[in-house]
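*Asks:* coordinates for the following, if possible.
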Amino acid sequence: MYLSLFDIVILFGALQGLILGLVLLFSRPEERISGSKNFLALLVLILVYNGLETFSWSSNITTFNYFFSLFPNVLIFGLGPCLYLYIRSFTQPEGFSTKTLLKHFAIVGVQLALRLFILLIATLNQRGTVLGLWSADLDVLHNVASDNLAVVAFWFYLVLSGRELWLQNKRNQLAPEEEQTPYKWLRTLYLFTVLWGVAWAVTMVYPVVFKANQSSYYYPIEVLQVLFIYWLGITGFYRIKVVQVESQKRTNAYFEGIDNEVVEKCEKALSKAMETDKLYLDPELTVGKLADHINISSKTISAVLNQHLQKGFSEYVNDYRVAEVKRRLARHETKTLTIAGIALDSGFNSMATFQRVFKASENITPKEFVALVAENKSQKV
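*Replies:* Numbers count the residues shown, from 1 in each chain. The predicted model follows:
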């Protein structure tokens, strides 16, 4: 078996991307990149799939050709949504609702449904034509249309990501240091994806204009894709971990300079804000709002929470929200309100966040908690 230099570069790039994607997915909490690392991991794994697909046809290794030929141009539609949601996750640490995820990844589902439909027609074609449809014709039509649509969809999300990045930069100029997003890292990531998007667009236009060879014109963008993966693995992942470590060191140093009386005062003020004033019921509560309410700086609040109480802001507030939900469920308020209604009244701004936080806190789902409460009540009767 002979492998060209191009084949070797693509294969090694895909293998490194696979390792990086798995590291991002299964890393321990203290090693995770800020924001939702899962979107970045999924972006990398999609690039890995695309790289392996390219390696399959360029190396003439037919072992997996059948698999890749069944579902081309499906996962590639997830690149744009992954980039956009990763950037946006820095200002939405509580996560995204199921509705939001379905909206952004719906195009991937549509592409998968189309491929399955073509596969069904191919199966039926073995017994003859189906309403005049032939799978080979549908396959060519789908590939041509989806090749171009994928570029358009990717650029649509590049525009959305650029707008989100611009808004984050404006917020950073007004927000305290501990609430700022790592703008330099996100800007570098965005610029690299824009460069890749330009190359992708040129790749689609070039053979039409210059009648180029139908396979060789893919080489530049595939090599650029490998460089993108290498950059993420060697530079991007390392840089963001360095940013986190430096940020943690600054927080530690700041906390050590706070007088014990100030720490005690801040802790009491936080407890009063939550237990008496019930600020956790506000779904839009931020560190800044809390700081204004108790007249203590955001930086001091974050330092006390992280170093003294060993909790992040979201975790601290969500603990009170979960406790509120449990109290209301124990009072059987589900007779007048749904679980979702109780969760939203308790300060959660989405069911996806509520389900995730409640399960992590109690090790059971809200429905299982309701059933457990009902069972305990029946045993007492």
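*Asks:* where does pLDDT dip in this structure?
*Replies:* Low-confidence segments of the chain, defined by pLDDT under 70, are located at 1-2, 27-36, 61-67, 93-95, 129-130, 175-180, 207-219, 233-257, 334, 377-381.
*Asks:* pretty sure L25 contacts N38?
*Replies:* Yes: with contact defined as Cβ atoms under 8 Å, L25 and N38 form a contacting pair (6.6 Å). Yep, even glycine has a C-beta here, placed from its N, CA and C like the rest.
*Asks:* quick one: buried residues of stretch 261-274?
*Replies:* Applying a neighbour-count criterion of 16 or more other Cβ atoms under 10 Å, the buried positions in stretch 261-274 are V263, C266, A269, L270, A273, M274.
*Asks:* and for stretch 274-292?
*Replies:* With burial defined by 16+ other Cβ under 10 Å, the residues of stretch 274-292 counted as buried are M274, L279, Y280, L285, V287, L290, A291.
*Asks:* stretch 162-172 now?
*Replies:* Of the residues in stretch 162-172, those buried under the neighbour-count criterion (16+ other Cβ under 10 Å) are G162, E164, L165, Q168.
*Asks:* one step back: narrow the buried residues of stretch 274-292 to those in helices?
*Replies:* Secondary structure assignment (DSSP state H) places M274, V287, L290, A291 from these within helices.
*Asks:* now the third one: how far from K272?
*Replies:* To tie it back to what came earlier, the one meant is L290. Remark: distance between L290 and K272 (Cβ to Cβ, to the nearest Å) = 11 Å.
*Asks:* against which helices or strands is the helix or strand that contains L224 packed?
*Replies:* Assigning secondary structure by DSSP states H and E places L224 in helix 219-231. Secondary structure elements in contact with helix 219-231, counted by 3 or more Cβ pairs under 8 Å, 6 or more residues apart in numbering; DSSP states H and E, are helix 5-26, helix 37-58, helix 183-210.
*Asks:* quick one: buried residues of the host helix or strand of V140?
*Replies:* In this structure, V140 sits in helix 135-174 according to DSSP H and E. For helix 135-174, the neighbour count (16+ other Cβ under 10 Å) marks 135, 138-139, 142, 146, 150-151, 153-155, 157-158, 160-162, 164-165, 168 as buried.
*Asks:* can you give the distance of the helix or strand hosting A113 from its chain's centre?
*Replies:* Here A113 is covered by helix 98-125, with elements defined by DSSP H and E. Averaging C-alpha positions (Cα atoms, centre = their mean, to the nearest Å) puts helix 98-125 21 Å from its chain's average.
*Asks:* angle of that helix against helix 37-58?
*Replies:* Angle between the axes of helix 98-125 and helix 37-58 is 20 degrees (criterion: axes from the mean of the first three to the mean of the last three Cα atoms, to 10 degrees).
*Asks:* quick one, helix 98-125 and helix 135-174 angle?
*Replies:* Counting by the same axes, to 10 degrees, helix 98-125 lies at 170 degrees to helix 135-174.
*Asks:* start at 12, not 1
*Replies:* Sure thing, new numbering starts at 12, so read that last one as helix 109-136.
*Asks:* packing partners of helix 109-136?
*Replies:* Helix 109-136 is packed against helix 90-99, helix 146-185, helix 362-373, with contacts defined by 3+ Cβ pairs under 8 Å, 6+ apart.
*Asks:* let's go with 10 Å and repeat that
*Replies:* Judged by 3 or more Cβ pairs under 10 Å, 6 or more residues apart in numbering; DSSP states H and E, helix 109-136 is in contact with helix 76-81, helix 90-99, helix 146-185, helix 362-373.
*Asks:* quick one, domains of this protein?
*Replies:* Structurally, the chain divides into domains by automatic domain parsing as follows: 16-258, 268-321, 325-392.
*Asks:* so for the helix holding L235, what gets flagged as buried?
*Replies:* By neighbour count, and taking 16+ other Cβ under 10 Å as the criterion, the buried residues in helix 230-242 are Y230, I232, E233, L235, Q236, V237, F239, I240, Y241.
*Asks:* likewise for stretch 60-74?
*Replies:* Y60, N61, G62, L63, E64, T65, F66, S67, S69, S70.
*Asks:* possible to save those as a markdown table with distance to T109?
*Replies:* Converted to a markdown table, these look like this (distance: Cβ to Cβ, whole Å):
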| residue | distance to T109 |
| --- | --- |
| Y60 | 24 |
| N61 | 27 |
| G62 | 30 |
| L63 | 30 |
| E64 | 29 |
| T65 | 33 |
| F66 | 35 |
| S67 | 34 |
| S69 | 38 |
| S70 | 40 |
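*Asks:* show me where the stretch 212-361 of the chain has its strands.
*Replies:* With DSSP state E, counting those that start in this stretch as the definition, the stretch 212-361 of the chain shows no strands.
*Asks:* please enumerate the helices of it.
*Replies:* Per DSSP state H, counting those that start in this stretch, the stretch 212-361 of the chain carries helices over the ranges 230-242, 248-267, 271-286, 298-305, 309-314, 324-341, 350-356.
*Asks:* to M362, which of these lies closest?
*Replies:* With Cβ to Cβ as the measure, helix 350-356 is the member of the helices of the stretch 212-361 of the chain nearest M362 (5.4 Å).
*Asks:* quick one: contacts of the closest one?
*Replies:* With contacts defined as Cβ atoms under 10 Å, 6 or more residues apart in numbering, helix 350-356 is touched by 292, 294, 332-333, 335-340, 342, 344-345, 347-349, 359-362, 364-366, 368-369, 376-378, 380-381.
*Asks:* stretch 292-306 now?
*Replies:* The contact list for stretch 292-306 (Cβ under 10 Å, 6+ apart) reads 105, 185-187, 189-190, 276-277, 279-281, 283-285, 288, 290-291, 307-313, 316, 324-325, 327-328, 331-332, 335, 355-361, 364.
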